[in-house]
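> Sharing a model that was predicted from the sequence below.
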Protein chains: 2
Amino acid sequence: MRPEDREQIRRLNIFEGMDDENFDELIRASYLQTFPAQMELITEGEPADFLHIVIEGCVELFAQANGRESTMAMVYPVNSFILAAILKDAVYLMSARTNKKSRVLMIPAINVRRIFDTDPAFSKAMVVELSNCYRSVVKDHKNIKLRTSVERLANRLLRYRIAQQTDDITLPYDKKLLASNLGMTPENLSRAFNTLKPYGVRVDGNKISITDVDELANFAKPTPLIDDQSV
Amino acid sequence: MRPEDREQIRRLNIFEGMDDENFDELIRASYLQTFPAQMELITEGEPADFLHIVIEGCVELFAQANGRESTMAMVYPVNSFILAAILKDAVYLMSARTNKKSRVLMIPAINVRRIFDTDPAFSKAMVVELSNCYRSVVKDHKNIKLRTSVERLANRLLRYRIAQQTDDITLPYDKKLLASNLGMTPENLSRAFNTLKPYGVRVDGNKISITDVDELANFAKPTPLIDDQSV
DNA sequence: AATGTTTCTTGATAATTGTCAATCCCAGGA
DNA sequence: TCCTGGGATTGACAATTATCAAGAAACATT
């Protein structure tokens, strides 16, 4: 592992308060792997053997049942995914695959759990991380239950606008994936974009211009309790 | 507080490994309150001041946005709700109201956080509890994203059948609430029950008979990764 | 027992969303 | 440069679900 990677990882919230010896042990036991796009990292239903942390690239968490599939979340650097199954020593409830070429740190679950039991700063940080994961899923669930698909798209565009600090946003992944993440078909996503035309949304491939943010926000009706990722 | 209540609470997973002094402190600081039905206990968006534990009765967690409302979960004795907001010292993302007359233990967040930091058995138990909460929401989210409303009803009936260990189940709360919890309107719930008639489902008020469990399961296609509450 | 209120059902209709198919466009590889 | 494969759009149609309204049924109150 390169020293700059090690430093980057050390600065992660979940590791930064950790005792030095424990961190060294964790890193020694870990694998930092590069995966090509569309590589399945974990499969739902299997035992959780590693804690994964996205160092570079992007990972899609998805679920499958009865011949259907849906994108549950996108994980960006530098974030972990599926912490609960590790802490509970349970099976994964979702699968994960790389969306683009990615570098992923894989920490054996057994080490995570051992250090969790012995390093208070680490266990506290893990709890905060897990709380964030829980609240994020609750917000996603509210989004699906309380909004129509067009409203979900509108709010997502407003979120990208804030994150990218520009009215001219670039979708971070392809529209098929965005549709699945927002709980609709690609066809319906196309239609939703067209529905937002009267609210000033201009579409050119993966470039979206928001020409009247007030109109769009008036339609979308964002609420921090769903849309603010820091809440 | 009655000794039998205290004993019951002590036996909860999250408290049973806790140091005696810490438990005494927690109980001294807490309130055990009886609330009538339809009493709002917490409101989304407000700071999380207490950890609530349902001792008797039933509590509905619900969310509101843009004039709409949806039931997110039902909490039964003896369970806590909305742990993440306490641990993170954040606002509630959902509201809660009693569904029937209920007894609820309210523990000040400040005491929870203090003991969390000092009692390793308690913090470990809290993490397992939080992991369970996270996984439960993930499963609910998968249920909504991957199934039609009729399929959701069918799987819910199969779940009640297992829990009640009988083909003749009693719905645990009214149909309006069940509809909201399953993410549909009451009208659509009525229709969904009718759709399940050819699969052997007989409805008499809040009594439901499952007369052909294989046919129903063949339609419902349950999967432990969504439907098994112990996974 | 009568009355009032709430829940639930049912029908008609509208709206939303999915499915299927055809076509276009773009990116990557030979 | 050409070809191929995959993503995206659009249209037609189907399916699912919501909305509105009326009536029936169940429950609570006087």
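Looks like it came in fine.
> Pull the contacting residues for the residue positioned nearest the centre of chain A.
Nearest residue to the geometric centre of chain A (CA atoms, centre = their mean): A:Val75, 2.9 Å. By CB atoms under 8 Å, 6 or more residues apart in numbering or on different chains, the residues touching A:Val75 are A:Val54, A:Cys58, A:Val59, A:Glu60, A:Leu61, A:Phe81, A:Ala96. (Each C-beta comes from the backbone N, C-alpha and C, glycine too.)
> Redo those residues as TSV? Include neighbour count.
What follows is the contacts of A:Val75, written out as TSV (neighbours: other CB atoms under 10 Å in any protein chain shown):
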residue	neighbour count
A:Val54	22
A:Cys58	18
A:Val59	26
A:Glu60	23
A:Leu61	22
A:Phe81	21
A:Ala96	24
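> of those residues, the lowest pLDDT goes to which?
Least confident entry in those, by pLDDT: A:Phe81, with 89.
> How about that one: which residues does it bridge to?
Beta-bridge partners recorded for A:Phe81 (DSSP bridges): A:His52.
> Quick check: it touching A:Cys58?
No: checked against CB atoms under 8 Å, the pair A:Phe81 and A:Cys58 is beyond contact range at 11.3 Å.
> continuing past the longest helix along chain A, what's the next helix or strand?
Taking DSSP state H as the criterion, chain A has its longest helix at helix A:120-146. Past helix A:120-146, further along toward the C-terminus, the next helix or strand under DSSP states H and E is helix A:149-164.
> Assign a three-state SS to A:Thr34, would you?
The three-state label given to A:Thr34 by DSSP: H, G, I helix; E, B strand; the rest coil is strand.
> Next up, the contacts around the residue nearest to A:Leu153 when sequence neighbours are not counted.
Nearest residue to A:Leu153 in three dimensions, chain neighbours excluded: A:Ala192, at 4.5 Å (CB to CB, 6 or more residues apart in numbering or on different chains). Counting by CB under 8 Å, 6+ apart, A:Ala192 touches A:Ser149, A:Val150, A:Leu153, A:Met184.
> Read off the pLDDT value for A:Ala192.
Confidence score, pLDDT, at A:Ala192: 96.
> any residue of whichever strand or helix holds it up close to DNA strand C?
Using DSSP H and E, A:Ala192 maps to helix A:186-195. Yes: using CB under 7 Å from any atom of the strand, helix A:186-195 comes into contact with DNA strand C via A:Glu187, A:Asn188, A:Arg191, A:Ala192.
> Okay, buried residues for that helix please.
For helix A:186-195, the neighbour count (16 or more other CB atoms under 10 Å in any protein chain shown) marks A:Asn188, A:Leu189, A:Ala192, A:Phe193, A:Thr195 as buried.
> Report whether the expected contact of the fourth one with A:Asp204 is present.
No: A:Phe193 sits out of contact with A:Asp204 when judged by CB under 8 Å, with a separation of 10.9 Å.
> Please parse chain A into its domains.
Taking automatic domain parsing as the domain assignment, the ranges for chain A are A:3-145, A:148-227.
> Now tabulate these in JSON lines and tack on distance to B:Ala121.
Output for those, formatted as JSON lines (distance: least, CB to CB, whole Å):
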{"stretch": "domain A:3-145", "distance to B:Ala121": "10"}
{"stretch": "domain A:148-227", "distance to B:Ala121": "33"}
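> quick one on the thing from earlier: for A:Glu69, see how far away the residue nearest to the centre of chain A is.
As judged by CB to CB, to the nearest Å, A:Val75 and A:Glu69 stand 17 Å apart.
> how about the closest residue in space to A:Ile169 that isn't next to it in sequence, what does it touch?
Spatial nearest neighbour of A:Ile169, excluding adjacent residues (CB to CB, 6+ apart): A:Tyr160 at 4.4 Å. The neighbours of A:Tyr160, taking CB under 8 Å, 6+ apart as the test, are A:Ile169, A:Leu171, A:Pro172, A:Ile208.
> what's the answer for A:Leu26, then?
A:Phe15, A:Met18, A:Ile107, A:Asn111, A:Val112, A:Ile115.
> isn't the first one right next to A:Phe23, touching?
When you say that, I think you mean A:Phe15. Yes: if you go by CB under 8 Å, A:Phe15 and A:Phe23 touch, sitting 6.1 Å apart.
> just to revisit the earlier point, want to throw the contacts of A:Tyr160 into CSV with secondary structure, pLDDT and neighbour count?
Listed next are those as CSV, based on DSSP: H, G, I helix; E, B strand; the rest coil; pLDDT from 0 to 100; neighbours: other CB atoms under 10 Å in any protein chain shown:
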residue, secondary structure, pLDDT, neighbour count
A:Ile169, strand, 94, 21
A:Leu171, coil, 94, 16
A:Pro172, coil, 93, 15
A:Ile208, strand, 95, 19
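> can you tell me which of those lies nearest to B:Ala48?
A:Pro172 (31.8 Å; CB to CB).
> What about that closest one? Give its phi and psi, please.
phi -80, psi -10 (degrees, to the nearest 10).
> can you tell me how far it sits from B:Arg114?
For A:Pro172, the distance to B:Arg114 - CB to CB - is 41 Å.
> what residue of chain A is the furthest out?
Distance-from-mean max, chain A, by CA atoms, centre = their mean: A:Pro198 at 30.6 Å.
> And the residue of chain A that's closest to DNA strand C?
A:Asn188 (3.3 Å; CB to the nearest atom of the strand).
> Can I get the buried part of the contacts of A:Ala192 as one ChimeraX selection?
Buried residues within those, by 16+ other CB under 10 Å, are selected in ChimeraX with:
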select /A:149,150,153,184
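> how about stretch A:144-154: buried residues?
Those would be A:Ile144, A:Lys145, A:Leu146, A:Arg147, A:Ser149, A:Val150, A:Glu151, A:Arg152, A:Leu153, A:Ala154, for stretch A:144-154 by 16+ other CB under 10 Å.
> Can it be said to contact DNA strand D?
No: contact of stretch A:144-154 with DNA strand D (CB under 7 Å from any atom of the strand) is absent, the minimum separation being 8.9 Å.
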